[in-house]
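Peer 1: Mind looking at a prediction? Sequence and model below.
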Amino acid sequence: MYRIRLAAPAALLAALVLPAQAAAHGIGQRADLPIPVWLFAWAAALVLVASFVALTVLWPKPVIAGLKERLLGRAPLALEMLAGLLGVCGFAVIVYAGLAGSQTPTANLAPTAIFVLVWVGIPFLSVVFGDVFNVISPWRAVGRGLGWAISRISGGLPAPMAYPERLGRWPAALTIFAFAWIELVWSGRESPSSLAIAALLYAAIMLIGMSCFGAEKWCRNADGFGVAFSLFALLAPLDWEGRRCSLRAPIVGALKMPQVPGSVAVVCVMIGSTSFDGFSQGAIWTGAGGLAQSLTDSFSSAGFSDATSVELAYTVGLLLIVALVSGLYRLAVIGMCRTGAGKPPVDELARSFAHTLIPIAFAYIVAHYFSLLLFQGQAAVFLVSDPLGDGSDIFGTSTSAIDYSLLGANAIWYVQVAALVIGHVAGLVLAHDRALATWADPRVAVRSQYWMLTVMVAFTCIGLWLLSAAAS
Amino acid sequence: MHRPLAPLGGSVVNLPLAHAGHWYHVLLYLAPILLIGAGLWWSSRREAKRDKSDGSDG
């Protein structure tokens, strides 16, 4: 009996202190780490605290808004048109492959193109080259092309309706949530033809919206993909205004995030949906008697079919995690609001600091999907040669395979941890600078950021826990 | 970890603690958040008090 009493705590202690394993998200590799995964969370929290102290001492007044950009040049109109044409052709190929090709998800170009190349690949391109999606967006290219053609034929376009300012970016937040639902919840997500139909429906909604409110206004507010990718582009060292390209310091463009209704919701949905992707692979959600099982059972007993019950359970989970992320951010803002004199309204402050979440949203994408892009992204090489999965070999690359030895599991884990830490430190820098610009007294500004620091530490630790949970 | 207790009224009851294996490690990730949050809250209160006393002195 005594041995048993000793064995239980000893086993628990061993589980806590022994080196742990972590898996690359979405890919079945396991890292063999020299220290337990939770120690990374402690180390990351310490890095954030040290960064906060350094900012307090070394950054006494706001500087980001005063930074100048350097004009690099203008891109030719032909390049913009070519990019738009490429976007339209790419979209047409993806939809055609989804509708006419093999319905095996791994053999068809559509699922990999939508979930990996576009949803994960474009954010990576955006933080390096700026807003690439703005020029390759198929619906924007078609909308602008049609608008140009109609105005040439009929001698002018009727003025678009005024976009309701109250709506702001709420339609984009809803779009991103809907896409996350398709990716993480919908039972038809693996069917290429269902994905192609969803893509066509979305393009139709975009075209109708653009015809009512104008291409630019609609794309900047209601196109979830355009809005999400344009936010990541704010972190890029290249700033595009039309075809004019300027060079700036990385991440400082985040200050340009429009402070409109729904802007906080957009970033919270992005972080929340990525978090749910990790959470839904962990034992708390999927384990025997886990939350997913309990919720599914509840819906089943209420009379829903098994498939619908699972979808409802996952929908609730997705909503809860998005609400949790939004709640944490709201908590930080309320805390900030209570800190000092001259308190701005909570909603105003929430929008004013929303840009600090952009690097965190990108960090979550890197942490959760880096390995997916690295490995599944290689599938594009053979899928472009055989987009329908019917055995064709258009570019002679249909026999290439995914090289899983490209990067080891440990290296992937370190990339994930580095991304989370760098993303949150970048968020702290942006928040510190904005606080100094908001409160005249630097001491009050620093104190207001205690709340933001706590929330950043929370996001970092939760992010690392989600990665480790997905591995368990 | 998933150990059912004796049937109660015809149904199997699972103690929440029986699932501890699913969640005990969460505490290790929560600890730095709670420590830093508590530390900053305490520091914030102390600074606010000091500011108030500085104000009343002046």
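Peer 2: Here it is on my side, so go on.

Peer 1: Going along the chain, name the helices of chain B.
Peer 2: B:20-23, B:26-57 (DSSP state H).

Peer 1: Reformat those as TSV; add distance to A:P192.
Peer 2: The C-beta positions use only the backbone N, C-alpha and C, and glycine is treated the same way. Putting the helices of chain B into TSV (distance: least, C-beta to C-beta, whole Å) gives the following:
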stretch	distance to A:P192
helix B:20-23	35
helix B:26-57	38
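
Peer 1: give me the number of residues near residue 53?
Peer 2: Going with chain A. Close neighbours of A:V53, defined as other C-beta atoms under 10 Å in any protein chain shown, add up to 12.

Peer 1: Chain B was what I was after
Peer 2: Neighbours of B:S53 (other C-beta under 10 Å): 10.

Peer 1: residue contacts, it?
Peer 2: By C-beta atoms under 8 Å, 6 or more residues apart in numbering or on different chains, the contact list for B:S53 is empty.

Peer 1: mean pLDDT for the helices of chain B: which is lowest?
Peer 2: Comparing mean pLDDT across those, the lowest value falls on helix B:20-23: a mean of 64.

Peer 1: Just the closest residue of the stretch 301-450 of chain A to chain B, please.
Peer 2: When distances are taken as C-beta to the nearest C-beta, the stretch 301-450 of chain A reaches nearest to chain B at A:Y450, 3.9 Å away.

Peer 1: Wasn't that residue part of a helix?
Peer 2: Yes: per DSSP: H, G, I helix; E, B strand; the rest coil, A:Y450 lies within a helix segment.

Peer 1: thought it was touching B:L40?
Peer 2: Yes: using C-beta atoms under 8 Å, A:Y450 is in contact with B:L40, at 3.9 Å.

Peer 1: before we move on, back to that, most tightly surrounded among the helices of chain B?
Peer 2: Among these, helix B:20-23 has the highest mean neighbour count (mean count of other C-beta atoms under 10 Å in any protein chain shown), at a mean of 16.

Peer 1: ok, and the closest non-adjacent residue to A:A419?
Peer 2: Spatially, and ignoring its direct neighbours in sequence, A:A419 is nearest to A:V366 (3.7 Å; C-beta to C-beta, 6 or more residues apart in numbering or on different chains).

Peer 1: Within the helices and strands, which one has the one you found?
Peer 2: helix A:358-376 (DSSP states H and E).

Peer 1: With A:D239 instead?
Peer 2: Assigning secondary structure by DSSP H and E places A:D239 in strand A:238-241.

Peer 1: Give the other helices and strands that the helix or strand that that strand is followed by contacts.
Peer 2: Counting by DSSP H and E, the next helix or strand C-terminal to strand A:238-241 is strand A:244-247. With contacts taken as 3 or more C-beta pairs under 8 Å, 6 or more residues apart in numbering or on different chains; DSSP states H and E, strand A:244-247 sits against strand A:70-74, strand A:238-241.

Peer 1: Tell me the gap between the helix or strand that strand A:244-247 is followed by and the middle of its chain.
Peer 2: Counting by DSSP H and E, the next helix or strand C-terminal to strand A:244-247 is helix A:263-279. When distances are taken as C-alpha atoms, centre = their mean, to the nearest Å, helix A:263-279 is centred 7 Å away from the chain's centroid.

Peer 1: relative to helix A:358-376, how tilted is helix A:263-279?
Peer 2: 40 degrees (axes from the mean of the first three to the mean of the last three C-alpha atoms, to 10 degrees).

Peer 1: now the helix ranked longest in chain A against helix B:26-57, angle please.
Peer 2: Across chain A, the longest stretch assigned as helix under DSSP H is helix A:306-339. Between helix A:306-339 and helix B:26-57, the angle comes out at 20 degrees (the same axes, to 10 degrees).

Peer 1: list the buried ones in helix A:306-339?
Peer 2: A:309-318, A:320-322, A:324-326, A:328-330, A:332-333, A:335-337, A:339 (16 or more other C-beta atoms under 10 Å in any protein chain shown).

Peer 1: Can you sort out which of the residues you listed also neighbour chain B?
Peer 2: Contacts with chain B are made by A:T339 out of the buried residues of helix A:306-339, judged by C-beta under 8 Å from any C-beta of the partner chain.

Peer 1: Ramachandran coordinates for A:G214?
Peer 2: Backbone torsions for A:G214, taken as degrees, to the nearest 10, come to phi 90, psi 140.

Peer 1: So it versus A:G156, what's the distance?
Peer 2: For A:G214, the distance to A:G156 (C-beta to C-beta, to the nearest Å) stands at 14 Å.

Peer 1: Would you mind finding the most buried of the helices and strands packed on strand A:244-247?
Peer 2: Among those, ranked by average contacts under mean count of other C-beta under 10 Å, first place goes to strand A:238-241 (a mean of 18).

Peer 1: Run through who's touching it.
Peer 2: Residues contacting strand A:238-241 (C-beta under 8 Å, 6+ apart): A:69, A:72, A:75, A:128-131, A:134, A:233, A:245-248, A:253.

Peer 1: again, but for stretch A:439-451
Peer 2: A:52, A:56, A:60-61, A:331-333, A:335-336, A:339-342, A:428, A:431-432, A:435-436, A:438, B:40-41, B:43-44, B:47-48, B:51.

Peer 1: Repeat that for stretch A:197-216.
Peer 2: A:91, A:94-95, A:98-99, A:110, A:114, A:138-140, A:142-144, A:146-147, A:160-163, A:171, A:175, A:182, A:218-219, A:222-223.

Peer 1: at 6 Å instead, please
Peer 2: By C-beta atoms under 6 Å, 6 or more residues apart in numbering or on different chains, the residues outside stretch A:197-216 that reach it are A:V95, A:W139, A:R140, A:G143, A:R144, A:P160, A:M161, A:Y163, A:W218, A:A222, A:D223.

Peer 1: okay, now the first one: neighbour count?
Peer 2: The burial count assigned to A:V95 is 23, neighbours taken as other C-beta under 10 Å.

Peer 1: cool, the fourth one as well?
Peer 2: A:G143 sits with 23 neighbouring residues when counted by other C-beta under 10 Å.

Peer 1: what's the answer for the second one, then?
Peer 2: Other residues lying near A:W139 total 24 when counted by other C-beta under 10 Å.

Peer 1: That one looks like it's in a helix, true?
Peer 2: Yes: counting by three-state DSSP, A:W139 is located in a helix.

Peer 1: ok, it - contacts?
Peer 2: Going by C-beta under 6 Å, 6+ apart, A:W139 touches A:A203, A:M206, A:L207.

Peer 1: From start to finish, how long is stretch A:387-405 in a straight line?
Peer 2: Length of stretch A:387-405, first residue to last, C-alpha to C-alpha, to the nearest Å: 25 Å.

Peer 1: An error on my part: the question was meant for stretch A:366-385.
Peer 2: First-to-last distance for stretch A:366-385 - C-alpha to C-alpha - comes to 27 Å.

Peer 1: List the buried residues of that stretch.
Peer 2: Neighbour-count burial for stretch A:366-385, counted by 16+ other C-beta under 10 Å, picks out A:366-380, A:382-385.

Peer 1: ok, now stretch A:197-209?
Peer 2: A:A198, A:A199, A:Y202, A:A203, A:I205, A:M206, A:L207, A:G209.

Peer 1: Let's verify the fourth one: helix, strand, or coil?
Peer 2: Spelled out, it's A:A203. The three-state assignment at A:A203 reads helix, by three-state DSSP.
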